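Novice: Sequence first, predicted model second:
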Amino acid sequence: MVVFTSVKGAPGVTTTVCLVGATWPDTRSVFVAECDPSGGDLAARFALPAAGGWPALELASRRAGGPVPVGPYLQRLPGGLEVLTDTRTGTVPSADGALPHLLAEASRRHDRDGDVLVDLGRLTPGVIDGVGWTERSDRVVVVLRGDSPSVIQVRERSTRFRARWGSRVGLVVIGEGQRRSREIEQFVGVPVLATLPWDPASAAAVAGRREHPRRLRRRAPLTSAAATLALRLLEPGTSPMVTGPTGPEVGTEAAGVGPGR
């Protein structure tokens, strides 16, 4: 399980999660769980039915008096990526009760190894563990822009990050080059896992904005970099830092873009 979060502003956590999920290796199943206390973005972006997601899953669990399969409450984005959506409730579903069932669902689907990508949104002041999600995850990805205020905000929390998450934490920098990202890594003291290029058109397509095309170019720099990041998250420590347009050719469409896998 990989948790994606941020500490300042809106650097594009949800878009990044969906892009990484859509470029996840086809040999493994994956779905996105929306656990942002200011959630509801995915349902709103893609006009998904209100029935479903966390509220319906929790209601079914209460009625059944115990855990129920997660699969019926997943919804598909236009590109085929499965998501467990949330509403703007202002609360974060606790990992204690939900996590084992999410992981079991991920591994059960299609009889393949499975993974869960958690969109935790922005860590609000005083909340670092996201109701257990970061503590229970295999990786914690902090998404940030490369501007000085954003970098300083992350550095101010870096000591706490390392103390709580150790080697599981890494950064994804939006819109900077390799040299700048290495400077950020040295300044913050947390490894940079990837640099995703600034590509507003591709990002808008992933975000479901109707004024943009709903199909990404398979070799778009943003898509390629996200695919390489996905591989690194699965095998931490075996890949170099992802920068710009480098990375393997992508064989799947991005979230919300084109046909499913």
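Specialist: Right, received. Where do you want to start?
Novice: where do the strands sit along the stretch 51-200 of the chain?
Specialist: Per DSSP state E, counting those that start in this stretch, the stretch 51-200 of the chain carries strands over the ranges 75-76, 82-84, 114-122, 139-145, 169-174, 192-196.
Novice: Please name the strands paired to the third one in the sheet, noting orientation.
Specialist: Spelled out, it's strand 114-122. Strand 114-122 pairs in its sheet with strand 2-6 (parallel), strand 29-34 (parallel), by DSSP bridges.
Novice: any idea which of those scores lowest on pLDDT?
Specialist: Sorting the strands paired with strand 114-122 by mean pLDDT places strand 29-34 lowest, at a mean of 90.
Novice: following that one, which helix or strand comes up?
Specialist: For strand 29-34, the following helix or strand on the C-terminal side (DSSP states H and E) is helix 41-45.
Novice: What is that following helix packed up against?
Specialist: Under the contact criterion of 3 or more Cβ pairs under 8 Å, 6 or more residues apart in numbering; DSSP states H and E, helix 41-45 touches helix 13-22, strand 29-34. Placement of C-beta: from N, CA and C, glycine included.
Novice: can you state the direction angle for the shortest one and helix 13-22?
Specialist: When axes from the mean of the first three to the mean of the last three Cα atoms, to 10 degrees is applied, the directions of strand 29-34 and helix 13-22 differ by 170 degrees.
Novice: how about the strands of the stretch 51-200 of the chain in JSON lines, adding mean neighbour count and mean pLDDT?
Specialist: JSON lines is the format used below for the strands of the stretch 51-200 of the chain (neighbours: other Cβ atoms under 10 Å; pLDDT from 0 to 100):
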{"stretch": "strand 75-76", "mean neighbour count": "16", "mean pLDDT": "90"}
{"stretch": "strand 82-84", "mean neighbour count": "25", "mean pLDDT": "90"}
{"stretch": "strand 114-122", "mean neighbour count": "24", "mean pLDDT": "88"}
{"stretch": "strand 139-145", "mean neighbour count": "24", "mean pLDDT": "94"}
{"stretch": "strand 169-174", "mean neighbour count": "24", "mean pLDDT": "94"}
{"stretch": "strand 192-196", "mean neighbour count": "25", "mean pLDDT": "92"}
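Novice: okay, these in TSV with distance to Pro25 next?
Specialist: Formatted as TSV, the strands of the stretch 51-200 of the chain follow (distance: least, Cβ to Cβ, whole Å):
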stretch	distance to Pro25
strand 75-76	19
strand 82-84	15
strand 114-122	9
strand 139-145	15
strand 169-174	18
strand 192-196	16
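Novice: Please identify the deepest-packed of the helices and strands packed on helix 41-45.
Specialist: Ranked by mean neighbour count, these are led by helix 13-22 with a mean of 27 (mean count of other Cβ atoms under 10 Å).
Novice: on that earlier part again, what's the closest of the helices and strands packed on helix 41-45 to Gly146?
Specialist: Distance to Gly146, taken as Cβ to Cβ, is lowest for helix 13-22 among the helices and strands packed on helix 41-45, at 14.1 Å.
Novice: Report the angle between the closest one and strand 169-174.
Specialist: Using the same axes, to 10 degrees, helix 13-22 lies at 100 degrees relative to strand 169-174.
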